[in-house]
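1. sequence below, structure please.
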Amino acid sequence: MGVKYVNGILDVVTYSGEINRRGYESVCNVLSTRKAAEVLLVLATPGGDPHAGFRIARALQSAYGSFDALVPRYCKSAGTLILTGAKKLYLDDMSELGPLDIQIKKGDELNGRNSGLDIFQAVNYLQAQTLLAFKQYLVELTRDHGLSTRVASDISVNLTLGLFNPISAQIDPIKLAEMQRATEIAFAYGFRLNEKSLNLREGGMQKLVSGYPSHGFVIDRKEAKSIFIDVACPEGVMAQYSQGIRAQMMKNIDSSEPEVELFNYGPSKGEANEIDTPNASGSPDGPPGGEQQNNGSSEDAGSSSESYADATKSIYPQSDTLQSKRAKPR
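-> Take a look at the predicted model:
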């Protein structure tokens, strides 16, 4: 079953840019013009502020009760956090989500950031290497040098401490606590959003926060199905819309001034009261790695204004069925 709309109208909210407070305010502004009982969020973002992401998802849940989400290309970090509040995800062949490990500013640097998991991985690595070093010292001293276990243990302890103490002393316990609190933010927000969406699999939030080796790890549609319950490939009109709007949204994806718009979509006369989307069985996952077939690169797909206009025209067959409201950030 596809995305339905009530009384001939579906609200479509598009969001392109960083996730920040300005974006949240823009979403609130366009939601004041809503007309439908159902909404589709179309999201393109590199991520940003998790607090703002939580507020955006909460605003959509509050306004409509629930929302579906379409990702034409990239939706990373705090954008993925927003998606934990969606009851259904539509991911194209070129769509990418990203892990939710919180990014922490590097000291006094303006742009550099570390993953909130880095310090925990460092502690775990030191713990494992300390134990390994102690065992190796103990075995060599008892087996190769004939020392008693007690004497060998004392020597092994001193050797291990001398090797790893200078390294572990560089770990700031205050920083460790800060990282832990930052990581718990994603858990707390994700679980709260999922209370309404109910779309996370058991262990899905844990996987998003700590199950991947890097912040840039690609979560394509196939991988997303191991995290979320209801994930589908857009088909029909929604697929045309996804491909047509992709290049347009990518132009602003890295901007700190998010572009947020709300469209009211209504069918033409005689059109079915539903956007043509996959049935419950879904569609094939496409080529390995989530790469799109016969659609070209992100720069090529829908790159001209003509292709964007054609796709838009196919979605909005009658000009009088479309009204748009663009938010002006405060």
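
2. now do the same for the closest residue to Leu262 other than its chain neighbours: helix, strand or coil?
-> Once flanking residues are discounted, Leu262 sits nearest to Val30: 3.9 Å by C-beta to C-beta, 6 or more residues apart in numbering. Where C-beta positions appear, they are placed from N, C-alpha and C, glycine not excepted. Going by DSSP: H, G, I helix; E, B strand; the rest coil, the secondary structure assigned to Val30 is helix.

3. where does the stretch 201-330 of the chain have low pLDDT?
-> 267-330 (pLDDT under 70).

4. hang on, the earlier thing: burial check on the residue nearest to Leu262, number of neighbours?
-> Using other C-beta atoms under 10 Å, Val30 has 21 neighbouring residues.

5. mind listing the helices for the stretch 101-250 of the chain?
-> Using DSSP state H, counting those that start in this stretch, the helices of the stretch 101-250 of the chain run over 118-139, 149-168, 173-197, 204-210, 221-224, 236-250.

6. does Ile185 touch Asp49 like I think?
-> No. Using C-beta atoms under 8 Å as the test, Ile185 is too far from Asp49 to be in contact (10.4 Å).

7. how near is the residue nearest to Leu262 to Phe67?
-> Val30 is 13 Å from Phe67, where distance means C-beta to C-beta, to the nearest Å.

8. and what of Val231?
-> Counting by C-beta to C-beta, the gap from Val231 to Phe67 is 15 Å.

9. of these two, which one has the most company?
-> Shown here are Val231 and Phe67; by other C-beta under 10 Å, Phe67 has more neighbours (25 against 22).

10. give me the spatial nearest neighbour of that one, chain neighbours excluded.
-> Counting by C-beta to C-beta, 6+ apart, Phe67 lies nearest to Leu60, which is 4.4 Å off, once chain neighbours are set aside.

11. and for Phe191?
-> The shortest distance from Phe191 to any non-neighbouring residue, by C-beta to C-beta, 6+ apart, is to Met205 (6.2 Å).

12. name all residues that make contact with that neighbour.
-> Met205 sits next to Thr84, Leu100, Ala186, Phe187, Gly190, Phe191, Asn194 when contact means C-beta atoms under 8 Å, 6 or more residues apart in numbering.

13. one more: Asp49?
-> Asp49 touches Glu18, Ile19, Asn20, Arg21, Ala78, counting by C-beta under 8 Å, 6+ apart.

14. most widely separated two among those?
-> Using C-beta to C-beta, the contacts of Asp49 reach their maximum pairwise distance at Arg21 and Ala78, which is 11.8 Å.

15. got any residues that touch both of those two?
-> Taking C-beta under 8 Å, 6+ apart as the contact rule, Arg21 and Ala78 both touch Asp49, Ala52.

16. on that earlier part again, save the contacts of Asp49 as CSV, and put in secondary structure, distance to Ser153 and neighbour count too.
-> Shown next, in CSV, are these (DSSP: H, G, I helix; E, B strand; the rest coil; distance: C-beta to C-beta, whole Å; neighbours: other C-beta atoms under 10 Å):
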residue, secondary structure, distance to Ser153, neighbour count
Glu18, coil, 55, 22
Ile19, strand, 53, 30
Asn20, coil, 55, 21
Arg21, helix, 57, 15
Ala78, helix, 49, 29
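
17. which of those residues has the weakest pLDDT?
-> Ranked by pLDDT, the contacts of Asp49 bottom out at Ala78 (93).

18. so it sits right up against Gly48, yeah?
-> Yes. In this structure, Ala78 is within contact of Gly48 by C-beta under 8 Å, at 4.8 Å.

19. which neighbours do these two have in common?
-> Common neighbours of Ala78 and Gly48 are listed as Ile19 (criterion: C-beta under 8 Å, 6+ apart).

20. buried deepest among the helices of the stretch 101-250 of the chain, which one?
-> For the helices of the stretch 101-250 of the chain, the largest average neighbour count (mean count of other C-beta atoms under 10 Å) is found in helix 236-250, namely a mean of 22.

21. quick one: Gly85 and Lys196 touch, right?
-> Yes. Under the criterion of C-beta under 8 Å, Gly85 makes contact with Lys196 at 6.7 Å.

22. shared neighbours, the two?
-> Among the neighbours of Gly85, those also in contact with Lys196 (C-beta under 8 Å, 6+ apart) are Gln61.

23. in stretch 46-58, what's buried?
-> For stretch 46-58, the neighbour count (16 or more other C-beta atoms under 10 Å) marks 46-58 as buried.

24. sorry, wrong one. I was asking about stretch 22-37.
-> By 16+ other C-beta under 10 Å, the buried positions in stretch 22-37 come out as Arg22, Gly23, Tyr24, Glu25, Ser26, Val27, Cys28, Asn29, Val30, Leu31, Arg34, Ala36.
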